[in-house]
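here is a sequence with its predicted model. Questions after.
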Amino acid sequence: MFKIGDAIKPQNYAAAAIWCNKNNATIIQTKDGAYIIAELPELSEEAKLDILRIQRNLLLDKTDKYMLSDFPIDTETKNKYVAYREYLRHVPQQIPIPTQIMTFEEYLLSGDEV
């Protein structure tokens, strides 16, 4: 429907924005006020690492409660969360930088747990 370089009319803006979100593109405004679809620039390694750390920190925050001594969880499950959190702490050091971080469920399915 759309492609890089297409001019966007006001009535097509929402559909173009949806297309851009799915196709690594964006809508930019030219000097003359027209809107066109443009390719998103590649993120720097530093920016990728920043995003990865933010995602990692959110997942660590989400699993903090399982580390509390009075949280109602069995020892086996708690040990799995301990191992998952260790995996999360090491994600930023991985080479190449991962594009995604495994959820707890994906981590268990991966067989990487201790």
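Perfect, thanks for sending it.

residues of the lengthiest helix in the chain that come out buried?
For the chain, the longest helix by residue count, based on DSSP state H, is helix 45-63. By neighbour count on 16 or more other C-beta atoms under 10 Å, the buried set for helix 45-63 is Leu52, Arg56, Leu59. Placement of C-beta: from N, CA and C, glycine included.

would you agree the second one is in contact with Thr103?
No. Counting by C-beta atoms under 8 Å, Arg56 sits too far from Thr103 to count as a contact (11.8 Å).

apart from its chain neighbours, what residue comes closest to Asn23?
Spatial nearest neighbour of Asn23, chain neighbours left out: Phe2 (7.8 Å); criterion: C-beta to C-beta, 6 or more residues apart in numbering.

three-state assignment of that neighbour?
coil (DSSP: H, G, I helix; E, B strand; the rest coil).

who touches it in this structure?
Ile8, Ala15, Ala16, Trp19, Cys20, Asn23, Ile37 (C-beta atoms under 8 Å, 6 or more residues apart in numbering).

run a quick neighbour tally on the third one.
In terms of burial, Ala16 registers 21 neighbours under the definition other C-beta atoms under 10 Å.

wait, what's in contact with it?
Taking C-beta under 8 Å, 6+ apart as the test, what Ala16 contacts is Phe2, Asp6, Ile8, Ile27, Tyr35, Ile37.

the one helix or strand it maps to: which residues count as buried?
Here Ala16, judged by DSSP states H and E, is contained in helix 13-22. Residues of helix 13-22 classed as buried by neighbour count (16+ other C-beta under 10 Å): Ala16, Trp19, Cys20.

ok, stretch 101-114 next?
Ile101, Met102, Phe104, Tyr107, Glu113.
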